[in-house]
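>>> how would this look folded up:
(chains A and B)
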2 protein chains.
Amino acid sequence: MNLILLAGTEVDASGVARVTGDRARHMREVLHAGPGQTVRIGLVDGPIGVGTVTAVADDGVALRCAFDDAVPAPPRVDLLLAVPRPKVLRRLWAQLSAIGVGRIMLTNAERVERNYFDTHWLSPQTYGPLLIEGLQQARDTRVPRVSVHREFRPFVEDELSALVPDTCRVVAHPEDAPSIAKVVASGGRDRVVLAIGPEGGWNGFELERLAAAGFVRASMGPRTLRVDTACVAALAMAHEGLVASKRRA
Amino acid sequence: MNLILLAGTEVDASGVARVTGDRARHMREVLHAGPGQTVRIGLVDGPIGVGTVTAVADDGVALRCAFDDAVPAPPRVDLLLAVPRPKVLRRLWAQLSAIGVGRIMLTNAERVERNYFDTHWLSPQTYGPLLIEGLQQARDTRVPRVSVHREFRPFVEDELSALVPDTCRVVAHPEDAPSIAKVVASGGRDRVVLAIGPEGGWNGFELERLAAAGFVRASMGPRTLRVDTACVAALAMAHEGLVASKRRA
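Numbering: from 1, shown residues only, chains lettered A, B, ... in the order given. Sure thing, here's the model as predicted:
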């Protein structure tokens, strides 16, 4: 926990927050926080800042909060992900918000099993705390926007462009093609949507629809990775490509 | 399981293997294997090949094996990793062998807690099957070589060069520096050793010793990642850098 993330409702009008639960335990037991000590804080979807501990008790820690003026920009990579197995999805949430994703768009595909949509790992009550965990790890405040799209075709054809306009679009595919970092670096946009298929891959129709929506194929290399490993690797390469693109501009 | 990996001892003199356990269950229940059907196989640290199912029974599946002549080259990236928390280490093994690592050198550091060395996730009996799981996912046969080094300084100063001669050496550091992919691409070597520190980072002395051993600092970007996420992201970037370096050569 490299940042204590606070909800707006936790900070009162005088700028004091009373923090409970895991965050309070972390401050007491890991940071050994005492009155006068400062900790890095952030406001959910708001600025970063510094909290000065004013009181430590068994049921919580009180902080006087001072926030920066500027709010961090949301990450410049969005993810279009075929709903993975529940076990893989569970592992992914915190890693996605840590590595930095603006939007997470979960969609159906032929090779997605129907019952994957029934998992409680798709409910905001369950994944919300995991997204916050990843942000606290990575010192960010911007919570990824999550949407679930049960029908692939209308989503890709009609809804996608409203959600992520003006983006470089890349579909990760295990074949001989330029790498994700290269495709993004030469894409000339400052935002990327990365599409990652189900285990077994997108089918021909889905690849066609993605191509029609402007997704360029890019390679992840010759190795077939588990979806969670593939997401982290591909997102790292997309971020790398954006940095290279900026350097060039 | 995209490849059924066989130990040399499982294949008899006539080229028939009798496969049991998870691999047999996978062939029966996922691949619905019947006599005459072929499956992708590999020999541990040996060639890839094709297995033709000759019999399917509850206690196993028999395969007639035909192997390629060539053995895949080991991955060109090695990892020097400060021993992480047991929970993180457990998650890492299969991901490391899937993404491709030649050697995994686990070492001590000031910020590694002593009891991390006591975990059963550091014993070959425990991590061996996880490494095989990752190889079967990624269709590779080359098992990463694993070594554990309880003393950081003699390891880095005296033993490292014998284990990984002629390598580009990179230490991932969360500061402003060229990216891992860039450093590797411009390193002009065809093998890389990537050093990843403990949570909280290497201390000043450790960074100094790594620098003296030829490790160049490279950036992972501004976000602090969990060690398992960081390993996957950094390894992806190191592989990307090697590909870019080859393209340039």
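
>>> near chain B, which residues of chain A show up?
By Cβ under 8 Å from any Cβ of the partner chain, the residues of chain A that approach chain B are A:2, A:91, A:94-95, A:98-100, A:137-140, A:179, A:181-182, A:221, A:223-226, A:229, A:232-237, A:239-240, A:243-244. Bear in mind the C-beta positions are built from the backbone N, C-alpha and C, glycine included.

>>> Could you tell me which of the residues you listed belong to helices?
Counting by DSSP state H, the part of those found in helices is A:91, A:94-95, A:98-99, A:137-138, A:181-182, A:229, A:232-237, A:239-240, A:243-244.

>>> For A:Ala57, give me phi and psi.
phi -140, psi 170 (degrees, to the nearest 10).

>>> Quick check, pLDDT for it.
For A:Ala57, the pLDDT comes out at 91.

>>> try A:Arg189
So, for A:Arg189, pLDDT stands at 88.

>>> Same check on the one 10 residues further on?
Predicted confidence (pLDDT) at A:Glu199: the value is 89.

>>> cool, A:Ala249 as well?
pLDDT at A:Ala249 comes out at 55.

>>> what do you get for A:Pro174?
A:Pro174 is given a pLDDT of 72.

>>> And for A:Val243?
86.

>>> ok, and the closest non-adjacent residue to it?
B:Ser179 (6.5 Å; Cβ to Cβ, 6 or more residues apart in numbering or on different chains).

>>> Please report the distance of that neighbour from B:Glu240.
Look at B:Ser179 and B:Glu240: by Cβ to Cβ, to the nearest Å, they are 9 Å apart.

>>> Then A:Asp140?
From A:Asp140 to B:Glu240 the distance is 24 Å (Cβ to Cβ).

>>> next one: A:Ala185
11 Å.

>>> In terms of packing, which of those two has more residues around it?
Neighbour totals were compared for A:Ala185 and B:Glu240, and B:Glu240 leads with 27 against 22 (other Cβ atoms under 10 Å in any protein chain shown).

>>> so what's that one closest to, chain neighbours aside?
B:Glu240's closest residue in space is B:Ala181 (Cβ to Cβ, 6+ apart), at 4.6 Å.

>>> contacting residues around the nearest residue to A:Glu113 once chain neighbours are set aside?
Using Cβ to Cβ, 6+ apart and skipping the chain neighbours, the partner closest in space to A:Glu113 is A:Arg85 (8.0 Å). Going by Cβ atoms under 8 Å, 6 or more residues apart in numbering or on different chains, A:Arg85 touches A:Glu113, A:Tyr116, A:Glu199, A:Val227.

>>> Can you pull the phi/psi pair for A:Arg85?
phi -50, psi 140.

>>> One more: the one 3 residues further on?
Summarising the backbone geometry of A:Val88 under the convention degrees, to the nearest 10, its torsions are phi -70, psi -40.

>>> could you list every residue that touches it?
With Cβ under 8 Å, 6+ apart, A:Val88 has these contacts: A:Arg226, A:Val227, A:Asp228.

>>> which one among the residues you listed gets closest to chain B?
Lowest distance from chain B to these (Cβ to the nearest Cβ) belongs to A:Arg226, with 5.7 Å.

>>> Next up, the contacts around A:Val148.
Contacts of A:Val148 (Cβ under 8 Å, 6+ apart): A:Val83, A:Leu106, A:Thr107, A:Phe117, A:Leu122.

>>> Does the second one touch A:Leu122 like I think?
Spelled out, it's A:Leu106. Yes - counting by Cβ atoms under 8 Å, A:Leu106 touches A:Leu122, with 7.1 Å between them.

>>> Give the residues shared as contacts by the two.
In contact with both A:Leu106 and A:Leu122: A:Val83, A:Val148, using Cβ under 8 Å, 6+ apart.

>>> Who has more neighbours out of these two?
Set side by side, A:Leu106 and A:Leu122 show more neighbours around A:Leu106, with 21 against 16, by other Cβ under 10 Å.

>>> In contact with the more buried one, which residues?
Neighbours of A:Leu106 in contact, by Cβ under 8 Å, 6+ apart: A:Leu81, A:Ala82, A:Val83, A:Leu122, A:Val146, A:Ser147, A:Val148, A:His149.

>>> hey, what's it bridged with?
Counting by DSSP bridges, A:Leu106 forms beta bridges with A:Leu81, A:Val148.

>>> Could you measure from it over to chain B?
20 Å (Cβ to the nearest Cβ, to the nearest Å).

>>> Point out where chain A drops to low pLDDT.
A:246-249 (pLDDT under 70).

>>> In three-state terms, label A:Gly42 for me.
strand (DSSP: H, G, I helix; E, B strand; the rest coil).

>>> If I follow the layout properly, it ends up in contact with A:Leu6?
Yes - judged on Cβ under 8 Å, A:Gly42 makes contact with A:Leu6 at a distance of 7.0 Å.

>>> surely A:Gly221 meets B:His239?
Yes - here A:Gly221 reaches B:His239: they are 6.2 Å apart, a contact under Cβ under 8 Å.

>>> Would you mind telling me which of those two has more residues around it?
A count of neighbours by other Cβ under 10 Å puts B:His239 above the other of A:Gly221 and B:His239, at 27 against 19.

>>> what's that one in contact with, if anything?
A:Gly221, B:Pro75, B:Arg76, B:Val77, B:Ile99, B:Gly100.

>>> Tell me the spacing between the fifth one and chain A.
Same thing as B:Ile99. Going from B:Ile99 to chain A by Cβ to the nearest Cβ gives 6 Å.

>>> Which residue is the nearest non-sequential neighbour of that residue?
Closest residue in space to B:Ile99, ignoring its immediate chain neighbours: B:Leu235 at 4.9 Å, by Cβ to Cβ, 6+ apart.

>>> how about the helices in chain A?
A:21-25, A:86-99, A:124-138, A:152-154, A:160-163, A:180-185, A:204-212, A:227-248.

>>> Would you convert these into TSV that also reports distance to B:Val193?
Listed next are the helices of chain A as TSV, based on distance: least, Cβ to Cβ, whole Å:
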stretch	distance to B:Val193
helix A:21-25	36
helix A:86-99	23
helix A:124-138	26
helix A:152-154	42
helix A:160-163	41
helix A:180-185	21
helix A:204-212	37
helix A:227-248	19
